[in-house]
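# I would like the atomic coordinates for the input below:
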Amino acid sequence: MSLDDKTARILGRYVADVRQLPNESAKTHRFSGLISELFPGSSAPTEFAAGVEKLVRIDRGDGGIKRGFIDAYHGNAVIEFENSLKATEADALRQLREYTSGVWNAESKGRKTRRPLVCVASDGVVWKTFRPTTTKRESTRLTPEDVELQELRTLTLNAESLSDFWIWLTSLLFRPARTEPSAERFRVDFGATSPAFADALDALFRAWEAVADLREAKLARETWQRYLTVTYGQLGDQESGELLRLFLKHTYLASTGSTFDLGGALARQNNVVFCARRPSKFSQASSSKSNGSRISLRTISSSG
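Numbers count the residues shown, from 1 in each chain. Prediction:
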């Protein structure tokens with residue numbers, strides 16, 4: 001995706017400026033300025049400003065409470081700025097765990113499940129995206145130690161990555177009401193480094209645990225495995241966790257593909273997705289190597 005000249009100039013100036021700034025506060029404010037330049041006349045600058053230095057109360061685990069201030073809390077994104085991630089990334093991750101536990105505790109009232117969040121650590125040039133998770137029950141008050149951060153993607157800004165940064169910004173943080181569909185945007189939204197993929201894979205693992213012993217579920221996996229063996233040959237340990245993960249990745253691919261009708265002929269029958277398609281760039285969500293042949297997959301759909 002190519003940027004228009006105005007957007008490219010704005011992003012180029014931002015990268016040049018932020019490299020020279022002396023501390024995280026200055027970098028937070030420069031990013032706020034970037035939003036105003038990129039989205040003039042919209043509500044994005046005001047909404048972002050409302051979440052800067054957001055107060056959050058953090059359970060310490062010893063019965064005490066401490067206050068923290070999130071550098072920026074926008075939508076479902078918890079953003080921590082550092083002067084240099086290379087020097088203080090560990091401190092940024094500690095703070096992200098604190099803030100996430102505080103946000104989840106504060107927003108738990110009236111919710112049956114915790115709201116999915118995205119954590120971002122940045123020094124203005126390097127942007128790291130994380131998916132926070134916890135194994136604690138929804139009714140449990142969380143401490144920072146209860147939160148784990150799964151790294152999804154690292155994006156380093158330079159002249160060649162400005163288009164990627166623009167797509168990332170307008171997909172994850174400042175999504176307009178309408179967006180131009182493209183392979184790059186689809187990859188950011190639903191590909192292997194997206195929060196949607198990570199959330200869906202977790203949900204599929206939980207769903208599989210509930211149905212794995214059912215006859216239809218077993219048949220679906222056995223059929224998938226036969227087709228995969230024909231295509232790729234020996235699969236190794238058929239009971240391995242990696243093979244189950246691959247099966248669920250293909251389930252995600254088939255279900256997402258059927259939703260958007262991408263990449264091949266799709267049909268639904270009895271809550272099962274039958275998929276015949278050529279491997280494509282989107283298949284990066286699968287760890288399999290493509291040999292260019294057609295693959296037929298039969299997998300349980302997300303609604304099944």
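# for the stretch 51-200 of the chain, which spans come out with low pLDDT?
Counting by pLDDT under 70, the stretch 51-200 of the chain has low-confidence residues at 110, 176-179.
# Now Ser2: closest residue in space that isn't a chain neighbour?
Spatially, and ignoring its direct neighbours in sequence, Ser2 is nearest to Ser163 (6.7 Å; C-beta to C-beta, 6 or more residues apart in numbering). The way it works is simple: take the backbone N, C-alpha and C, and place the C-beta from them, glycine included.
# can you check Val125 too?
Per C-beta to C-beta, 6+ apart, closest to Val125 is Leu157, 5.0 Å.
# I'd say the one you found and Asp123 touch.
No. In this structure, Leu157 is not within contact of Asp123 by C-beta atoms under 8 Å, at 10.1 Å.
# who's more crowded, those two?
The neighbour count for Leu157 versus Asp123, taken as other C-beta atoms under 10 Å, is higher for Asp123 (23 against 20).
# list the contacts for the closest residue to the more buried one other than its chain neighbours?
Excluding the flanking residues, the one nearest Asp123 by C-beta to C-beta, 6+ apart is Leu85, at 4.6 Å. Counting by C-beta atoms under 8 Å, 6 or more residues apart in numbering, Leu85 makes contact with 92, 121-123, 126, 128.
# ok so, going back, tell me the SS of the residue nearest to Ser2?
Put simply, Ser163 is helix when judged by DSSP: H, G, I helix; E, B strand; the rest coil.
# circling back to that earlier point, from Lys66, how far off is the residue nearest to Val125?
33 Å (C-beta to C-beta, to the nearest Å).
# Identify the residue nearest the geometric centre of the chain.
The C-alpha lying nearest the average C-alpha coordinate of the chain belongs to Pro195 (C-alpha atoms, centre = their mean; 1.7 Å).
# correct me, but that one touches Thr133?
No. When contacts are counted by C-beta under 8 Å, Pro195 is not listed as touching Thr133 (11.1 Å).
# what's the spacing between the closest residue to Glu145 other than its chain neighbours and Gly102?
Nearest residue to Glu145 in three dimensions, chain neighbours excluded: Gly61, at 6.5 Å (C-beta to C-beta, 6+ apart). In this view, Gly61 and Gly102 are 13 Å apart by C-beta to C-beta.
# Between these two, point out the one with more neighbours.
More crowded of Gly61 and Gly102, by other C-beta under 10 Å: Gly102, with 26 against 13.
# quick one: contacts for the closest residue in space to the more buried one that isn't next to it in sequence?
Residue nearest to Gly102 in three dimensions, not counting chain neighbours: Val56, with 3.6 Å by C-beta to C-beta, 6+ apart. Residues in contact with Val56 (C-beta under 8 Å, 6+ apart) are 67-70, 73, 98-99, 102-103, 106.
# Return the closest of those with respect to Phe186.
Of all these, Tyr73 has the smallest distance to Phe186: 27.2 Å, by C-beta to C-beta.
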